[in-house]
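Novice: Sequence isn't available, so here's the structure alone:
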């Protein structure tokens, strides 16, 4: 899929859902389109694991809102909004390989400074994630089991400190490599961004919901 179209679709859908109060079946139409187009590319179990992990943060947010405002209707609204946006973005992210995302970002029709910011953010998140996996694998080899005791807390604190330190060193190495190569703020790719019917279909669906959200209630 063309990331220029996906980028616009994300903007339209996110802004639409983030400000909606009443939800209808049409609001989940883009999710169904993405699911239909990418069902073979996505591992369902991996998708559900990511969604469950993200919902842990949503749960704590809901608890905070309830403690300070006691507004259950607003809590339900937050839950629906965040989950719809999260599911939509997860379908896009998990249906593409890392190199596909990188190459697609290069072809985005946005200013280079913003494009470089997105690419570096994606790269640093990838570095952070890979270092986390290495440290967790080390704990498994040593048969570490998390418990509610002081040793576990100290171990996790050490892991987090080591993770931040390793990620920082990797980022510094990447920066030095770019300086040596006389990086001018632009990235280049030999691949070309193609467009097909599914790109137009998703963009039309999200744009329709966006327009309806703005003008639909006034008609």
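Specialist: Received it, and whenever you're ready, just let me know what you need. Keep in mind that this is a model prediction, so the values were computed, not measured.
Novice: List the residues that contact residue 21.
Specialist: The contact partners of residue 21, by C-beta atoms under 8 Å, 6 or more residues apart in numbering, come to residue 77. Bear in mind the C-beta positions are built from the backbone N, C-alpha and C, glycine included.
Novice: which other residues reach stretch 130-149?
Specialist: The set of residues that contact stretch 130-149 without belonging to it, under C-beta under 8 Å, 6+ apart, is 152, 155, 156, 159, 162, 163, 166, 167, 170.
Novice: Can you say which of those are buried?
Specialist: Among the contacts of stretch 130-149, those buried by neighbour count (16 or more other C-beta atoms under 10 Å) are 155, 159, 163, 166, 167, 170.
Novice: about what we covered before: filter the contacts of stretch 130-149 down to just the ones in helices.
Specialist: 152, 155, 156, 159, 162, 163, 166, 167, 170 (DSSP state H).
Novice: so what pLDDT did residue 6 get?
Specialist: Residue 6 is assigned a predicted lDDT (pLDDT) of 80.
Novice: again, but for residue 219
Specialist: Per-residue confidence at residue 219 stands at 44 (pLDDT).
Novice: ranges for the strands of the chain?
Specialist: Using DSSP state E, the chain contains no strands.
Novice: wait, which of the contacts of stretch 130-149 is closest to residue 79?
Specialist: Sorting these by how near they are to residue 79, with C-beta to C-beta, puts residue 156 at the top with 28.4 Å.
Novice: Got the confidence number for residue 66?
Specialist: Here the pLDDT value assigned to residue 66 is 82.
Novice: give me the number of residues near the residue nearest to it when sequence neighbours are not counted?
Specialist: When the adjacent residues along the chain are set aside, residue 66 lies closest to residue 75, with 5.8 Å between them (C-beta to C-beta, 6 or more residues apart in numbering). Around residue 75 sit 17 other residues, with neighbours defined as other C-beta atoms under 10 Å.
Novice: Contacts only, for residue 75.
Specialist: 62, 65, 66.
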